[in-house]
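A.B. asks: Dropping the sequence and predicted coords here.
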2 protein chains.
Amino acid sequence: MPSEFALIRKHFTRPARHTDLAVGDDAALIRPSAGMQLAISTDMLVAGTHFFADTDPEDLGWKALAVNVSDLAAMGAQPRWVVLAASLPAPDEAWIAAFARGFFACSEAFGIDVIGGDTTRGPLNLCPTIFGEVPVGSAVTRAGARPGDDLWVSGAPGRAALGLAQLRGEATLAGADRADCLAALQRPQPRVALGLALRGLASAMLDVSDGLLGDLGHILEQSAVGAVISEEALPLAPLQAACGDAALAFRACTAGGDDYELLFTAPAAHRAEVGALAGQLGVPLHRIGAITPPDQGLRLRGHDGQLRPLAARGYDHFGR
Amino acid sequence: MPSEFALIRKHFTRPARHTDLAVGDDAALIRPSAGMQLAISTDMLVAGTHFFADTDPEDLGWKALAVNVSDLAAMGAQPRWVVLAASLPAPDEAWIAAFARGFFACSEAFGIDVIGGDTTRGPLNLCPTIFGEVPVGSAVTRAGARPGDDLWVSGAPGRAALGLAQLRGEATLAGADRADCLAALQRPQPRVALGLALRGLASAMLDVSDGLLGDLGHILEQSAVGAVISEEALPLAPLQAACGDAALAFRACTAGGDDYELLFTAPAAHRAEVGALAGQLGVPLHRIGAITPPDQGLRLRGHDGQLRPLAARGYDHFGR
């Protein structure tokens, strides 16, 4: 049986393009560009918590990296390097090879060098840490939203949640929608180009990993603001058409995690410029509400024009 | 019960000293100093594989960071920042508080900012990723050893292995030695000052995590050289005095992991300068052998003067 070292070397050593020293020493060496801040994010994916243990390993490889790429997109940073720590229950070479294919497919799609890592035996656990660059002072944090700003979301949040509902037998999606929602769940597409284009336009931004309302709560808290969401403006129709259930569509859109769409605020003065990005980048952008002073918290303006309070509740791994 | 977010915020938010944006956003932001390379290392510690599940959480917090600090020391890099991803079986606040105390004790001992992380539910797994700085071109890799170089090791490798043998009931150590060996296992002291001082002197370096011979094997492989170790020069006497067993002392010194001493090579021309560091830094340094051409592999010169081949075998998590 090949050793850990041999397996990892075989499947995880590929040429690094912008790295001084990659896999194989005590540490990797990189040289950040002058005038840049380094943006760093780490995400741990645990079997049974974040994915089914029998998830296709190639999809899992893609997703393990994609969710980290998304964190950098949400800062307006350009992803550049990643290290991967992994705990594996047994050295199953076919599994490792497929996982590596998916992981490298994602790293190559976004021009990221895989520069190091650590592999050990234990319950299945994948922990990439990703590094990107952003010009000093240009990162878009969660703390910059101001009353009067527009509230935007990209893409079609809720598709991944419908895909998960399909896998769990809680929904039955039609053919094309089924493939589309499963792809959203299994092969999320981080919005890197959009994140970069929003530097200088967005006032606050994050990626929707735990549900739109719950993640919006982080912006409201860190920016010390409130928000009104317009039910009419939420992209519910395609979800409802896919699952035939208005309540499920609303829940998927507002509370479903795992879409990795960008949720951001921008001054109304930038509305036309932001709106134009949709066509330029081929990414749907929905202006779903507005930022308010903090005293009213988070509210929904229903189809009837009435304002109702909403709970900003995200996925808390210890809260259930 | 406090949520994940609240628990982590409470115990893991402390002021960062040299960080632009720390815990709480999609990514942390740091600004590496001009003229520096960034050295990056990640180590995953899994309950049952790397430590007993009932390990004192404060010790574990120290060690989880210390082993990563050691990787940077082994490059000659100055540790500066760390992110911590963790999977925890349940939100046990006393455990988290104690773990955080140990983790911050180590971060403060070495001037490291804790700048971000991720916490999730799952089998106990701790995964810090650490970043340090080293002047461009000054990092000490594993690939620079040349025939004729001296081979050195710091401290007293084998103490952690004796501590583990004590915990497993495989050895009975006397009072002072017992405390000393358990401390080596539970509160390893990464050799940061030594690593920094060896820049410009050492030709190759790594930290002994999997056993002296096994780790030396990485230097031999990556530098394409061989080595002769002198049995006489190995710091065996204190180990033998502690455990009263010559064979166990030899095994602990040459194959015991977890000491995080530095194993390095240096040109013989630097011998006096290297030797002087022991006194300057208060760290024992042992010149245990020499680098040879690759054809003879790794050999031991016994007390009888005879050369015998040695297997360079480290701890392989999948090899047992």
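C.D. replies: Yep, that arrived. Residues are numbered from 1 along each chain as shown, chains lettered A, B, ... in the order given.
A.B. asks: Okay, helices next: where are they in the stretch 201-320 of chain A?
C.D. replies: Here the stretch 201-320 of chain A has its helices, by DSSP state H, counting those that start in this stretch, at A:212-223, A:237-243, A:246-255, A:271-281.
A.B. asks: which regions of the stretch 151-300 of chain A lie under the pLDDT threshold?
C.D. replies: For the stretch 151-300 of chain A, no stretch is flagged by pLDDT under 70.
A.B. asks: Name the residues of it found near chain B, please.
C.D. replies: Taking C-beta under 8 Å from any C-beta of the partner chain as the criterion, the stretch 151-300 of chain A approaches chain B at residues A:Met205, A:Leu206, A:Asp207, A:Gln222. All C-beta atoms are positioned from the backbone trio N, CA, C, and that covers glycine.
A.B. asks: Just give the nearest non-adjacent residue to the first one, would you?
C.D. replies: For A:Met205, ignoring the flanking residues on the chain, the nearest one in space by C-beta to C-beta, 6 or more residues apart in numbering or on different chains is A:Phe264 at 3.8 Å.
A.B. asks: Does that neighbour touch A:Arg199 like I think?
C.D. replies: No. Under the criterion of C-beta atoms under 8 Å, A:Phe264 is not in contact with A:Arg199, lying 11.0 Å apart.
A.B. asks: Check the stretch 151-300 of chain A for the residue nearest chain B and tell me.
C.D. replies: Residue nearest to chain B within the stretch 151-300 of chain A: A:Leu206 (5.4 Å; C-beta to the nearest C-beta).
A.B. asks: just checking, that residue touches B:Gly24?
C.D. replies: No. The pair A:Leu206 / B:Gly24 is not scored as a contact, 10.9 Å apart, by C-beta under 8 Å.
A.B. asks: who's more crowded, the two?
C.D. replies: A:Leu206 (24 against 18; other C-beta atoms under 10 Å in any protein chain shown).
A.B. asks: For the more buried one, which non-adjacent residue is spatially closest?
C.D. replies: Per C-beta to C-beta, 6+ apart, closest to A:Leu206 is A:Ala74, 4.9 Å.
A.B. asks: doesn't A:Leu262 make contact with the one you found?
C.D. replies: Yes. Applying C-beta under 8 Å as the test, A:Ala74 and A:Leu262 come out as touching, 6.1 Å apart.
A.B. asks: Give me the common contacts of those two.
C.D. replies: A:Gly195, A:Met205, A:Leu206, A:Asp207 (C-beta atoms under 8 Å, 6 or more residues apart in numbering or on different chains).
A.B. asks: Among those, name the ones in strands.
C.D. replies: A:Met205, A:Leu206, A:Asp207 (DSSP state E).
A.B. asks: what's the neighbour count on the first one?
C.D. replies: Put plainly, it is A:Met205. By other C-beta under 10 Å, neighbour count at A:Met205 equals 30.
A.B. asks: Do a quick rundown of the strands in the stretch 1-150 of chain A.
C.D. replies: Ranges of strands in the stretch 1-150 of chain A, per DSSP state E, counting those that start in this stretch, are A:28-30, A:36-42, A:45-46, A:78-88, A:113-121, A:125-135, A:150-154.
A.B. asks: can you give me the offset of the first one from its chain's centre?
C.D. replies: Using C-alpha atoms, centre = their mean, to the nearest Å, the mean C-alpha position of strand A:28-30 is found 26 Å from that of the whole chain.
A.B. asks: Then the second one?
C.D. replies: On the basis of C-alpha atoms, centre = their mean, the separation between the geometric centre of strand A:36-42 and that of its chain is 16 Å.
A.B. asks: averaged over its residues, what pLDDT does it have?
C.D. replies: Across strand A:36-42, the average pLDDT comes to 92.
A.B. asks: Parallel or antiparallel, list what pairs with that strand.
C.D. replies: When pairs are called by DSSP bridges, strand A:36-42 turns out to pair with strand A:125-135 (antiparallel), strand B:28-30 (antiparallel).
A.B. asks: count of residues packed around A:Thr13?
C.D. replies: Neighbour tally, A:Thr13, other C-beta under 10 Å: 13.
A.B. asks: Name the nearest residue to it, ignoring sequence neighbours.
C.D. replies: A:Val23 (5.6 Å).
A.B. asks: contacting residues for A:Thr172?
C.D. replies: Counting by C-beta under 8 Å, 6+ apart, A:Thr172 has contacts A:Gln166, A:Cys243.
A.B. asks: and it, which of the three is it?
C.D. replies: coil (DSSP: H, G, I helix; E, B strand; the rest coil).
A.B. asks: Please report how far the residue nearest the centre of chain A lies from B:Gly282.
C.D. replies: Nearest to the geometric centre of chain A sits A:Tyr260, at 2.8 Å (C-alpha atoms, centre = their mean). To B:Gly282, A:Tyr260 is 51 Å away according to C-beta to C-beta, to the nearest Å.
A.B. asks: check contacts around the residue in the stretch 51-200 of chain A positioned nearest to chain B.
C.D. replies: Residue nearest to chain B within the stretch 51-200 of chain A: A:Gly122 (3.5 Å; C-beta to the nearest C-beta). A:Gly122 makes contact with A:Ser87, A:Leu88, A:Pro89, B:Met44, B:Val46, B:Ala47, B:Gly48, B:Thr49, B:Pro123, B:Asn125, according to C-beta under 8 Å, 6+ apart.
A.B. asks: Can I get the buried ones among those residues as something I can paste into PyMOL?
C.D. replies: This is how PyMOL selects the buried members of the contacts of A:Gly122, with burial counted by 16 or more other C-beta atoms under 10 Å in any protein chain shown:
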select buried, (chain A and resi 87+88) or (chain B and resi 44+46+47+123+125)
